[in-house]
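Chemist: When you get a sec, could you give me coordinates for this:
(one chain, ligands or ions: 1)
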Amino acid sequence: MINTIDYQKIFFEITSDFKETDDIGTIATYIPELGKVNPKKLGIHLTTIDNQHYAFGDSEESFSIQSVAKVLSLTLALKIMGGEIWKRVGVEPSGSAFNSLVQLEYEKGIPRNPFINAGAIVICDILVSCLDKPKQDLLTFIRETSGIDSVNYSYQVAESEKKCGYRNYALVNLMKDFGNIHNDIDIVLDLYFYLCSIEMTCKQLTQSFMFLASGGVNPITNQSVISPTRAKRINSVMLMCGFYDEAGDFAFKVGLPGKSGVGGGIVAIHPGKFCIAVWSPKLNANGNSYKGMKVLEALTSKTQCSIF
Ligand code: DON
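Modeler: Now for the predicted structure:
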């Protein structure tokens, strides 16, 4: 498939339309280490499935990918355990904040989906049960999937979050009480905090997520990461649940499966066409990158390139 769209030109058009005063978000400070990031950063990288690259701004600077990494832990859990995982976590949008405890109480410890914190913690519990060295094995999987050996955890970010992760401790305790956490809670949360601390550049993110644009095979490394059916399902969960209580808004305005993180990163997939990553640290009230959402909305509006 030959790409005929000049994404580079479009990135310049979109970003020159932005005014400084338009970026009304605030950076995440509830994890102290994230509060140190320069809020003015803006990186965009788009990789097509035939390996053409379009970059803008700080696209080769590493940042904390946070919840974006939850797609990769889900992929590994699915690869190892298959459909069994859906007995312990759902595939429905939560319509509530990423760290909310409310539904968990009346839904008996089964999180709505694997991308809210509770669901991602259950996925970490599953990985702790099946992997010999969970942190090391997860990192190896991510390095192999992306073809990038330098991808790593940030000790500073993980330990910073561990010190103030009160809600995550509450979530894991509640689920342990309901019998949906099988391992020691500190071991499970250790994996969760390190998962969220992974650092990548926008360019690396597109390489890591390329398999979702290409039926489960990374077209750059030719490696089969997951079956086409599972790649379809992961994209579906991203579309429905990737932006927490703003998932509907993202699908409505952007029209692509995507996943955000409180580090200000967003990855979006156009199956059969491309993977794009945007990084802008200021977040809107729902914890999603304010400018990142705007960039992606403008991109799919200008190119008419969404899944719909
Ligand atoms: O558990 C937390 O609060 C963070 N490590 C992850 C939050 C996150 O990125 C959710 N995002 N939008």
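
Chemist: What strand or helix carries the residue nearest to residue 187 when sequence neighbours are not counted?
Modeler: Nearest residue to residue 187, sequence neighbours excluded (CB to CB, 6 or more residues apart in numbering): residue 128, at 5.7 Å. All C-beta spots, glycine's among them, are computed from the backbone N, C-alpha and C. Assigned by DSSP states H and E, residue 128 belongs to helix 117-130.

Chemist: hey, C-alpha coordinates of that helix in CSV?
Modeler: Written as CSV, here are the backbone C-alpha positions of helix 117-130 (Å, rounded to 0.1, in the frame of the first residue of the first chain):
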residue,chain,number,x,y,z
ASN,A,117,-6.0,0.9,37.1
ALA,A,118,-8.0,-2.0,38.8
GLY,A,119,-8.0,-4.0,35.5
ALA,A,120,-4.3,-3.4,34.8
ILE,A,121,-3.5,-4.5,38.4
VAL,A,122,-5.4,-7.8,37.8
ILE,A,123,-3.4,-8.3,34.5
CYS,A,124,-0.2,-7.8,36.6
ASP,A,125,-1.5,-10.4,39.1
ILE,A,126,-2.0,-12.8,36.1
LEU,A,127,1.6,-12.1,34.9
VAL,A,128,3.0,-12.6,38.4
SER,A,129,1.3,-16.0,38.4
CYS,A,130,2.7,-17.1,35.0
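
Chemist: Identify each of the helices in the protein and give its residue range.
Modeler: Per DSSP state H, the chain carries helices over the ranges 7-17, 70-81, 102-106, 117-130, 134-146, 155-164, 166-177, 185-196, 202-209, 228-241, 247-253, 290-303.

Chemist: Now do the buried residues in the first one.
Modeler: The reference is to helix 7-17. Applying a neighbour-count criterion of 16 or more other CB atoms under 10 Å, one finds 7, 10, 11, 14, 15 buried in helix 7-17.

Chemist: So what touches it?
Modeler: Contacts to helix 7-17, defined as CB atoms under 8 Å, 6 or more residues apart in numbering, come from residues 42, 44, 46, 54, 55, 56, 57, 295, 298, 299, 302, 303.

Chemist: export that helix as CSV, just CAs?
Modeler: The C-alpha trace of helix 7-17 is given here as CSV (Å, rounded to 0.1, in the frame of the first residue of the first chain):
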residue,chain,number,x,y,z
TYR,A,7,1.6,13.8,7.1
GLN,A,8,4.7,16.0,7.6
LYS,A,9,2.9,19.0,6.1
ILE,A,10,-0.2,18.2,8.1
PHE,A,11,1.7,18.2,11.4
PHE,A,12,3.1,21.6,10.6
GLU,A,13,-0.4,22.9,9.7
ILE,A,14,-2.0,21.5,12.9
THR,A,15,0.7,22.7,15.2
SER,A,16,0.9,26.2,13.7
ASP,A,17,-2.8,26.5,14.3
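
Chemist: just how off-centre is that helix within its chain?
Modeler: From the chain centre to the centre of helix 7-17 is a distance of 24 Å (CA atoms, centre = their mean, to the nearest Å).

Chemist: measure stretch 161-169 end to end?
Modeler: 11 Å (CA to CA, to the nearest Å).

Chemist: what's the answer for stretch 276-291, then?
Modeler: OK, stretch 276-291 end separation, CA to CA: 14 Å.

Chemist: for stretch 282-297, same thing?
Modeler: Stretch 282-297 stretches 17 Å from its first residue to its last (CA to CA).

Chemist: roughly how far is it from the heart of the chain?
Modeler: On CA atoms, centre = their mean, the centre of stretch 282-297 falls 14 Å from that of its chain.

Chemist: Could you check that stretch and say which residues are buried?
Modeler: Under the neighbour-count criterion of 16+ other CB under 10 Å, stretch 282-297 has 282-284, 286-297 buried.

Chemist: Could you check the pLDDT of the residue nearest to residue 187?
Modeler: The confidence metric pLDDT takes the value 98 at residue 128.

Chemist: And for it, the neighbour number?
Modeler: If you count neighbours by other CB atoms under 10 Å, residue 128 ends up with 20.

Chemist: What of residue 178?
Modeler: Per other CB under 10 Å, the neighbour tally for residue 178 reads 14.

Chemist: and if you look at residue 182?
Modeler: Residue 182 has 13 neighbours, counted by other CB under 10 Å.

Chemist: Tell me the spacing between it and residue 47.
Modeler: 38 Å (CB to CB, to the nearest Å).

Chemist: how about the nearest residue to residue 92, chain neighbours excluded?
Modeler: Per CB to CB, 6+ apart, closest to residue 92 is residue 112, 5.0 Å.
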